[in-house]
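**Q** I'd like to go over a predicted model; first the sequence, then the structure.
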Amino acid sequence: MNLWIKNPLAVFTDDSLDATGGVVVQEGKIAELVTGGKQPTCTVDRVFDAAGHVVLPGLINTHHHFYQTLTRACPAALNKKLFPWLTSLYPIWAGLTEEMIHVATRLAAAELLLSGCTTTSDHHYIFPQAAPEALDIQVDAIRQIGIRAILTRGSMSLGEDEGGLPPRNTIQDEDTILADCERVIDRYHNPNTGAMLQIALAPCSPFSVSEELMRATAVLARQKQVRLHTHLAETRDENDFCLNQFGRRPVDYLEQVGWLQSDVWLAHGIHFTDEEIARLGRAGVGICHCPSSNMILGSGICRCRELEQAGCPLGLGVDGSASNDGSNMIQEVRQALLLQRLHYGSASITHYDAFRWATTGSAQCLGRDDIGKIAPEMQADLALFKLDEPRFSGAGAPLAALLLCGAHRADYVMVAGEWKVEQGKTVDLDLAELMAQHAESAQRITSTL
Ligand code: ZN
């Protein structure tokens with residue numbers, strides 16, 4: 001069956017491509033872009049009238065911690081910077097169960113879909129005794145929701161008694177971590193074009209894993225040909241920690257443990273020198289900018305322009321819901337536009353830049369060339385927004401209006417050629433029931449202290 005998404009109000013494509021007449025979708029992929037005023041050249045079975053819709057490539061989220069949806073606006077963690085914020089939350093997160101991880105994953109994935117996100121990464125690094133196979137739980141939950149995902153098997157091994165930040169009941173020993181990393185790659189990673197599920201490896205941060213685990217994880221990832229992810233250079237405290245613990249700044253540390261390569265993407269990437277940015281760019285290391293989280297924790301401003309100019313793929317991430325505290329991708333694109341304009345000036349950062357980061361830039365961070373673009377042969381991952389709320393009334397340029405007027409909810413969302421959101425509602429998912437289960441889990445985990 002061919003579907004023509006016909007005559008959209010506006011569409012975000014590469015400058016060289018004309019899709020003003022719409023997009024034809026066939027067997028999960030984009031089959032044809034239609035020139036304005038023309039008919040598709042291929043046969044069309046169904047037509048979706050998009051005259052009131054702005055069409056974007058499905059947005060791609062490159063950093064999240066789904067389980068943190070259970071600790072949004074958590075009283076114990078309010079108004080703190082990163083390290084005290086983490087130490088307030090670790091004891092709560094130690095109470096995670098399999099059921100909690102399942103419901104948090106489903107809720108976050110549904111929330112992302114509703115905001116126009118079609119591919120998401122997740123960084124799960126807490127494996128308490130009650131949930132040693134957390135990745136398997138997440139895989140089951142993700143498959144139920146139907147979003148495309150790159151789940152990263154995270155890890156923490158450096159407890160507070162060894163100079164790290166996390167308490168002992170939130171960490172695992174390194175043999176257990178590496179064995180589970182190998183198991184989940186073998187079981188779930190799909191390396192093929194169009195993959196709905198991939199696995200990457202993601203030791204949490206310099207202050208929560210050992211140098212040995214960083215090295216061993218990189219060796220395993222390259223042997224299995226999966227990508228590597230971690231938090232880096234998020235705060236000045238982290239730079240000081242690296243200097244004290246390892247005698248090196250974060251980028252030197254990264255290089256030393258074999259991570260300065262193009263199969264790596266980093267969350268945050270804020271506190272770099274010019275020389276470090278040049279080195280990251282030469283290596284092709286991807287950076288995930290998380291503007292809301294950086295503002296909430298007061299961490300600093302990522303230097304997106306210099307990083308991109310140096311050669312780093314630049315993507316966006318909502319980050320975990322304990323430091324955002326939502327999982328709304330279209331709002332995150334607006335936040336990136338605003339924060340980067342504050343840093344570089346209003347003429348230097350356009351809405352096209354922000355959309356590029358959330359689509360092709362994010363796809364590059366995840367090592368994907370089959371998503372993030374509206375072009376023939378790409379996966380049919382699309383987000384359609386309607387400008388029918390008071391906030392858009394009278395708006396001139398439709399694409400700019402999405403960000404400047406503050407779009408927050410997609411009207412239709414397609415993943416691999418299938419509608420997952422229709423008329424602003426998740427398809428085949430009782431959101432009210434999911435929210436009730438989720439709220440109950442949130443109540444339970446935050447009352448364990
Ligand atoms: Zn994070």
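**A** On my side now, so go ahead.
**Q** Cys304 contacts Pro313, correct?
**A** No: the criterion here is C-beta atoms under 8 Å, and Cys304 misses it with Pro313 at 11.3 Å. For every residue, glycine as well, the C-beta is placed using N, CA and C.
**Q** what is in contact with those two at once?
**A** Listed as contacting both Cys304 and Pro313 by C-beta atoms under 8 Å, 6 or more residues apart in numbering are Ile287.
**Q** could you chop the chain up by domain?
**A** For the chain, the structural domains run 3-57+381-424, 59-365, going by automatic domain parsing.
**Q** next, the distance between the ends of the longest one.
**A** Domain 59-365 has an end-to-end distance of 13 Å (C-alpha to C-alpha, to the nearest Å).
**Q** pLDDT of it, averaged?
**A** In this model, domain 59-365 carries a mean pLDDT of 97.
**Q** quick one, what contacts Ser210?
**A** 157-158, 162, 174.
**Q** mind checking how far it is from Gly247?
**A** 15 Å (C-beta to C-beta, to the nearest Å).
**Q** repeat that for Trp265.
**A** Going from Trp265 to Gly247 by C-beta to C-beta gives 26 Å.
**Q** ok, these two, which is more surrounded?
**A** Neighbour totals were compared for Trp265 and Gly247, and Trp265 leads with 32 against 9 (other C-beta atoms under 10 Å).
**Q** residues of the stretch 201-350 of the chain that sit close to the ion?
**A** With C-beta under 5 Å from the ion as the criterion, the stretch 201-350 of the chain meets the ion at residues 267, 319.
**Q** try 8 Å
**A** Residues of the stretch 201-350 of the chain lying close to the ion (C-beta under 8 Å from the ion) are 231, 234, 267-268, 290, 293, 317, 319-320, 323.
**Q** restricted to strands, list those residues.
**A** Mapping those onto strands (DSSP state E) picks out 231, 267-268.
**Q** out of these, which is most surrounded?
**A** Neighbour counts for those (other C-beta under 10 Å) peak at Ala267, which has 30 neighbours.
**Q** I figured that residue was touching His123, is that so?
**A** Yes: using C-beta under 8 Å, Ala267 is in contact with His123, at 7.2 Å.
**Q** quickly list what's touching both of those two.
**A** Shared contacts of Ala267 and His123, counting by C-beta under 8 Å, 6+ apart, come down to 63, 229.
**Q** and the residue of the stretch 301-449 of the chain nearest the ion?
**A** Asp319 (4.7 Å; C-beta to the ion).
**Q** next up, the contacts around that residue.
**A** 63-65, 267, 290, 292-293 are the contacts of Asp319 under C-beta under 8 Å, 6+ apart.
**Q** not counting sequence-adjacent ones, nearest residue to it?
**A** Take Asp319 and drop its neighbours on the chain: the residue closest to it by C-beta to C-beta, 6 or more residues apart in numbering is Ser293, 3.6 Å away.
**Q** same question for Arg72.
**A** Nearest to Arg72 is Asp325, by C-beta to C-beta, 6+ apart, at 4.0 Å.
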